[in-house]
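1. Got a predicted model here, sequence first, then my questions.
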Amino acid sequence: MKSVTEFKTIMTGNDAVAYGAKLARVKFISAYPITPQTTIVEKLASMIANDELDAKYVEVESEHSALAAVFASELTGVRSYTATSSHGLLYMHEMLHWVSGQRLPIVMSVVNRAIGPPWNIWADQSDTINQRDTGWMQVYSESNQEAMDTIIMGYKIAENSEVMLPLMSMEDAFILSHTSEPVTLRDQDLINEYLPDLDLKFRIDIGNPMGYGSYDTPDGTFMELKKDMVDSMKKAVRVIKDETEKFNQMFDTNYGGLVERYRMDDADYALIAMGTVASTARFVVDKLREKGLNIGLIRIRYFRPFPYDDILEDLKNIKAAGVIDRSVSFGYAGATYSEIVSALYGKINIPVSSFIVGIGGRDVRIEDIEKIADTVRNESSGVYWINVKKVI
């Protein structure tokens, strides 16, 4: 079902994300600037100033305070939003645990940017990968349209009573955040139908006072509460698939659930990527197919919860796979590679290689993906750094 009041325009990824928050009817926004995220909260500030969005806008003195502010507002039952990047996200690290542990379904945008030193403002997914164990769901967009729609779907998924966990929605710095693409703005009435108002069951009520995040002991319920977060993350797998399918039906889109597959039906080899690198990989897959190489692409949308079952299903008839990471776990390999190997262990025995690309925003070129595919075709295993200079 597609609304006739939808219309297509041209906008940057950051503007698209801001419109996603507007369509989701957020009521509280905390803002602290950091390149390349700043234009998200600037756009939202303009919307509020122009009476396009009815929300409270608070400027804070740090990223830690930004997340503390939405923590407090969400706890009153108000749908809340903030955005950050890179070192700002690292500064939020303590509050990330507080938000997830308090089971607050906040959605936050993160524009993926490298971590210094040296200072670098370009695309690199290390900032969010470093936060993968904080109890937040993580979704990585490939286009500006997806970046907008993911904010809306994110609230619907996070606020599900079986989930009640926060969600990070990612876009690659500058490749999406400051690049203009066609984006279809959704009909507000249809969004309201898809995403109802927040109804937080345990919100602060002065008529019924209670403690929030109170002290606990080893013999209390601390361990049980953490297990419940794990169980809820597992339940989120089904919720993500269900809500994505509902969105597809209502808005005539074709998003995958936790993963998207490209030319995998008859593939002998597979590339696995996340974020905008997948766009280049998709082009290379088509190019290599013309040369007779049966290769396909698996794009991971959700890194948390990780799509273990999908990966097992997709790789069961594959001869070899290559995992492309725009981040690195120092001392080992790419984080996605580690997750893939963990999923396959004891179930599927195929060569899987780790390819580190695009660190610090370095271009990921067609020839880089072709080199990766050639290595995968040789069915070798290892950790490879692609397009690295010789430093003397």
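-> On my side now, so go ahead.
2. now the residue most central in space within the chain: how far from Ile157?
-> Compute the mean C-alpha point of the chain, and by CA atoms, centre = their mean the closest residue is Val139, 2.1 Å away. Separation of Val139 from Ile157 (CB to CB, to the nearest Å): 9 Å. Placement of C-beta: from N, CA and C, glycine included.
3. Now do the same for the nearest residue to Ala270 once chain neighbours are set aside: helix, strand or coil?
-> Setting aside the residues directly before and after it, Ala270 is nearest to Ala321 in space (CB to CB, 6 or more residues apart in numbering), at 4.4 Å. Classification of Ala321 by DSSP: H, G, I helix; E, B strand; the rest coil places it in strand.
4. Can you give me every residue that contacts Ala321?
-> Applying CB atoms under 8 Å, 6 or more residues apart in numbering to Ala321 gives the contacts Tyr269, Ala270, Leu271, Ile272, Leu315, Ile340, Ile350, Pro351, Val352, Ser353, Val376.
5. Leu258 against Tyr308, yeah?
-> No. Assessed by CB atoms under 8 Å, Leu258 is found out of contact with Tyr308, at 9.3 Å.
6. shared neighbours, Val139 and Ile157?
-> Both Val139 and Ile157 are contacted by Leu167, under the criterion CB under 8 Å, 6+ apart.
7. What ranges in this structure fall below the confidence cut-off?
-> By pLDDT under 70, the low-scoring segments of the chain are 1-4, 392.
8. Show me it divided up by domain.
-> Per the record, the chain has its domains at 7-251, 259-385, by automatic domain parsing.
9. Quickly find the element holding the nearest residue to Glu260 once chain neighbours are set aside.
-> Distance criterion CB to CB, 6+ apart; nearest residue to Glu260, sequence neighbours excluded, is Arg299 at 4.5 Å. When elements are assigned from DSSP states H and E, Arg299 belongs to strand 295-300.
10. In three-state terms, label the closest residue in space to Arg79 that isn't next to it in sequence for me.
-> Nearest in space to Arg79, with sequence neighbours left out and distances taken as CB to CB, 6+ apart, is Leu198 at 4.4 Å. Taken by three-state DSSP, the conformation at Leu198 corresponds to coil.
11. OK, contacts around Leu198?
-> Residues in contact with Leu198, defined by CB under 8 Å, 6+ apart, are Gly77, Val78, Arg79, Pro105, Tyr155, Glu159.
12. surely the second one meets Ile29?
-> Same thing as Val78. No. Counting by CB under 8 Å, no contact exists between Val78 and Ile29, whose distance comes to 10.5 Å.
13. Between those two, which is the more surrounded one?
-> When neighbours are counted by other CB atoms under 10 Å, Val78 and Ile29 differ, and Ile29 comes out ahead with 27 against 17.
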